[in-house]
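Q: A predicted structure for the sequence below; I have some questions about it.
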Amino acid sequence: MNNNYINIYNILINYTRNKKLYTSLNREDNFSDRLTLFLLHFAFFLKNFKNTENKQILQEIYDFNFRQLELSIREIGYGDQSINKKMKVYINLFHSMINEIHFWDDLKKDEKNQKLSIFLEDFNKIEELVDYFEDFKLNLTKKNLNYLLKGVIND
């Protein structure tokens, strides 16, 4: 396992910890909510940096992040069988996110609202989250993958 990717994981976790993301949730956030937002951040990250020259690095980042998620689930106290089932669910959820945001730039605002609503059904004010992810995506386009690998973020 390459620990060079811990910076990417930590950056995505820090974005996910943004309390503003949870203001439209009418209950206390839980692990599932945080994981869903983490996976959305990660999906936009991969979409932004996807190209032929980054293919190997992005695959390694993907593998590393899902190993880290598995470790987090183990820390919560799930058994081996539960972890395998949960990881399969989370990986499928992530891939459906990738599919839904694939043509994100071509979508109208209401279509983007619908796409995020699929994954964030307990959140009100989806429009604010769409704006947030638009800004997040824009910020990613201004960054270099190598800087992120080194843990450099300057928001």
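A: Cool, the structure landed.
Q: what about the protein, any weak spots by pLDDT?
A: In the predicted model, the chain carries pLDDT under 70 at residues 1-3, 151-155.
Q: please redo it, this time with the cut-off set to 50
A: The chain contains residues with pLDDT under 50 at 1.
Q: which residue ranges form the helices in this structure?
A: 6-16, 31-49, 55-76, 80-101, 109-119, 126-141, 145-149 (DSSP state H).
Q: and of the ones you listed, who's closest to Tyr22?
A: Nearest to Tyr22 among those is helix 31-49 (7.0 Å), distances taken as CB to CB. C-betas here are computed from N, CA, C, even on glycine.
Q: So what's the gap between that closest one and the chain middle?
A: 1 Å (CA atoms, centre = their mean, to the nearest Å).
Q: what's the answer for stretch 39-53, then?
A: With CA atoms, centre = their mean, you get 9 Å for stretch 39-53.
Q: tell me which residues in that stretch are buried?
A: Neighbour-count burial for stretch 39-53, counted by 16 or more other CB atoms under 10 Å, picks out Leu39, Leu40, His41, Phe42, Ala43, Phe44, Phe45, Leu46, Lys47, Asn48, Phe49.
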